[in-house]
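A.B. asks: Sequence first, predicted model second:
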Amino acid sequence: MYIDIHCHVIWGVDDGGNTREETFHMLDAAAADGISKIIATPHMTPGVYEFPEKRFQEHMAIAREYIAEKGLDIELDRGAELLYTELTPRLLREGKVPTLVGTNHPLIEFSPTDSWEHIRNALQKVSSAGFSPVIAHMERYPAVKSIDQVRLLKDSFRSLVQINARTLLKKQPLMRRKFFNRLFEENLVDFIATDTHSIPGRETCMTEGLAALEAQYGEECLSRILQKTEYFFGS
Ligand SMILES: [Fe+2]
């Protein structure tokens, strides 16, 4: 059974879905995909856009009721996907924006057009604020293109690397292929997550993604990632 640390499963709070039925459908699909723990990670832009916290809590409660009624073997927890802003480190320190299940690991995302300097400085500030950030779908940032950069983010700023399961099902562009392969071959990937949205083409694909990972990088690589996810976010 898998833990999904990045998933837009709650409707009405971001671009994840618009109706409760979409949430129910995503929960059913997650259970069928072998996922036994989901950390709901709605988009947040700390200090810039107000997050509909009350609505989120209400919808989480309804989602949990559905899980119980349907007898799904899923634990639903709370997190957020934080688009990095200058206020993010301070708001994290003050406990005003959520980390993944209350750990000291916030899920941080960047814009694909962000520069290397921006990404590096941001993660340095999050680390200095006392956190060990999880970089959301790191494969999406063209500015991070060398193994040395990734090592710096990990070694100096305690960063952890999350890759989307769906990325493993696609052929990487030629320019990125070698870099992408080395991330796995050199054990620099910490977590695989689905980043599920209720949008065609963004459905859960954990089982398929992990099978592709195992086929390409081997069983040891897969079990190391699964064990690490369990160690960090298992119950
Ligand atoms: Fe996401």
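C.D. replies: In hand now; what should we look at?
A.B. asks: what about Asp190, neighbour count?
C.D. replies: Counted with other C-beta atoms under 10 Å, residues neighbouring Asp190 total 21. C-beta: built from backbone N, CA, C; applies to glycine.
A.B. asks: My understanding was that it contacts Glu230; is that so?
C.D. replies: No - with contact defined as C-beta atoms under 8 Å, Asp190 and Glu230 do not form a contacting pair (11.9 Å).
A.B. asks: Toward the C-terminus from the helix or strand of the chain with the lowest mean pLDDT, list the very next helix or strand.
C.D. replies: Least confident helix or strand of the chain, by mean pLDDT, DSSP states H and E, is helix 174-185 with a mean of 94. Under the assignment DSSP states H and E, the closest C-terminal helix or strand after helix 174-185 is strand 191-193.
A.B. asks: Am I right that Leu76 sits in a strand?
C.D. replies: Yes - counting by DSSP: H, G, I helix; E, B strand; the rest coil, Leu76 is part of a strand.
A.B. asks: if I look at the residue of the chain positioned farthest from its centre, how far off is the ion?
C.D. replies: Residue distances from the centre of the chain (C-alpha atoms, centre = their mean) peak at Glu69, which lies 27.0 Å from the mean C-alpha position. To the ion, Glu69 is 27 Å away according to C-beta to the ion, to the nearest Å.
A.B. asks: Distance-wise, check that residue relative to Leu160.
C.D. replies: 35 Å (C-beta to C-beta, to the nearest Å).
A.B. asks: check which helix or strand covers the residue farthest from the centre of the chain.
C.D. replies: helix 53-70.
A.B. asks: Would you map the helices across the chain?
C.D. replies: 20-32, 53-70, 88-93, 116-128, 147-157, 174-185, 206-217, 219-233 (DSSP state H).
A.B. asks: Could you list every helix and strand in contact with the shortest one?
C.D. replies: In other words, helix 88-93. helix 116-128 (3 or more C-beta pairs under 8 Å, 6 or more residues apart in numbering; DSSP states H and E).
A.B. asks: what's next to the helix it packs on, contact-wise?
C.D. replies: 84, 88-89, 92, 106, 108, 110, 133, 135, 141, 143-144, 149, 152-153, 156-159 (C-beta atoms under 8 Å, 6 or more residues apart in numbering).
A.B. asks: ok, now with 10 Å
C.D. replies: Helix 116-128 has contacts (C-beta atoms under 10 Å, 6 or more residues apart in numbering) with 82, 84-86, 88-90, 92-93, 106, 108, 110-111, 114-115, 131-133, 135, 138, 141-146, 149, 152-154, 156-159.
A.B. asks: pLDDT of stretch 49-58, averaged?
C.D. replies: Across stretch 49-58, pLDDT averages out at 96.
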